[in-house]
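Chemist: Return atomic coordinates for the entry below.
(one chain, ligands or ions: 1)
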Amino acid sequence: MCRKLIYLVSVVLVLALASNALANLSGSFIGGPDQDTSDAVTATASADYGASTVPLFAVDGSGLDTADMHNSTYTNQMWEGPSGGGANPGTVTGDSWIRFEFDQSYELEEMWVWNSNQLNSPWSFGGTCGFNSVTIQYSTTGGTDTSDWTTLGSYTFTQAIGDGNDTAGLQEADFSSASAMYVVLTAHSNFGSASTWGLSEVRFYIPEPATVALLGMGGLALLRRKRKR
Ligand SMILES: [Ca+2]
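Modeler: Numbers count the residues shown, from 1 in each chain. So this is what the prediction gives:
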């Protein structure tokens, strides 16, 4: 009776673990698996135009469909701001920047950036607000000294086209497992907009969770127990 109870409890525990692991597996990015990553990623920026263009819209999954393609060309779905706002303390100077803070340090694999997909009718400068020449820097402390930051590199982003149902302007950056709690993207040019800078969405990929290994061990232990009986 007692053995049966222990077995039953073990099965329930492993099933619970499996459920948790599968939930984590379905999205190996910070704040996943749902597309709204704002529970674990906080975005701040050099500037914005107010409530319809706040940095939050770069991390809340807005403007993406379930296949991670652009599905919007409007504000309220992406971050956007004017030039200026000064440099983020400790990182390089540019015309515009956006900073991401995670809920803890992570070993980053890749960052994905969906560039600004804004179609600013009646001016029709689709995608011209997007970052073009960009410096990417990261830090574990977020300190205000330049020595607190490591430069990942200089990047040339591609332009989104101000259309829906595509992934134009999707840019990847490889962090090669660098530890970071903060990432800053500083733009030195965009795709033609004289006054406006922005991004549609940014996502940070991390290694699969350790629970997968635990799940494997738990399942193996149960199989062995079953074979012995
Ligand atoms: Ca968005």
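
Chemist: where does residue 185 land in three-state SS?
Modeler: Assigned with DSSP: H, G, I helix; E, B strand; the rest coil, residue 185 falls in the strand class.

Chemist: check contacts around it.
Modeler: Neighbouring residues of residue 185 by Cβ atoms under 8 Å, 6 or more residues apart in numbering: 97, 98, 113, 131, 134, 135, 136, 199, 202. For every residue, glycine as well, the C-beta is placed using N, CA and C.

Chemist: Show me which of these is closest to residue 180.
Modeler: Using Cβ to Cβ, residue 136 is the member of these that lies nearest residue 180, at 10.4 Å.

Chemist: helix or strand for the residue most central in space within the chain, which one?
Modeler: The chain has residue 203 as the residue nearest its centroid, 1.7 Å off, counting by Cα atoms, centre = their mean. Here residue 203 sits within strand 196-205, counting by DSSP states H and E.

Chemist: and that strand, is it in reach of the ion?
Modeler: Yes - remark: strand 196-205 sits within contact range of the ion at 200, 201, by Cβ under 5 Å from the ion.

Chemist: Packing partners of that strand?
Modeler: Applying 3 or more Cβ pairs under 8 Å, 6 or more residues apart in numbering; DSSP states H and E, one finds that strand 196-205 contacts strand 79-82, strand 96-115, strand 170-187.

Chemist: For residue 142, give its distance to residue 33.
Modeler: Distance of residue 142 to residue 33, computed by Cβ to Cβ, to the nearest Å: 26 Å.

Chemist: Now render the helices and strands packed on strand 196-205 as JSON lines, adding mean pLDDT and distance to the ion.
Modeler: Formatted as JSON lines, the helices and strands packed on strand 196-205 follow (pLDDT from 0 to 100; distance: least, Cβ to the ion, whole Å):
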{"stretch": "strand 79-82", "mean pLDDT": "94", "distance to the ion": "7"}
{"stretch": "strand 96-115", "mean pLDDT": "97", "distance to the ion": "7"}
{"stretch": "strand 170-187", "mean pLDDT": "97", "distance to the ion": "13"}
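
Chemist: So what are the structural domains in this structure, by residue number?
Modeler: The chain breaks down into these domains under automatic domain parsing: 1-24+208-229, 30-207.

Chemist: Just name the most buried of these.
Modeler: Here the criterion is mean neighbour count by mean count of other Cβ atoms under 10 Å, and of the domains of the chain the winner is domain 30-207, at a mean of 19.

Chemist: isn't residue 28 right up against residue 206?
Modeler: Yes - judged on Cβ atoms under 8 Å, residue 28 makes contact with residue 206 at a distance of 6.0 Å.

Chemist: Run through the residues of the chain sitting next to the ion.
Modeler: By the rule Cβ under 5 Å from the ion, the part of the chain lying against the ion is 57, 62, 63, 77, 78, 200, 201.

Chemist: With adjacent residues omitted, what lies nearest to the second one?
Modeler: Going back to what we said before, that points to residue 62. Distance criterion Cβ to Cβ, 6 or more residues apart in numbering; nearest residue to residue 62, sequence neighbours excluded, is residue 77 at 4.3 Å.

Chemist: give me the element the one you found is part of.
Modeler: Assigned by DSSP H and E, residue 77 belongs to neither a helix nor a strand.
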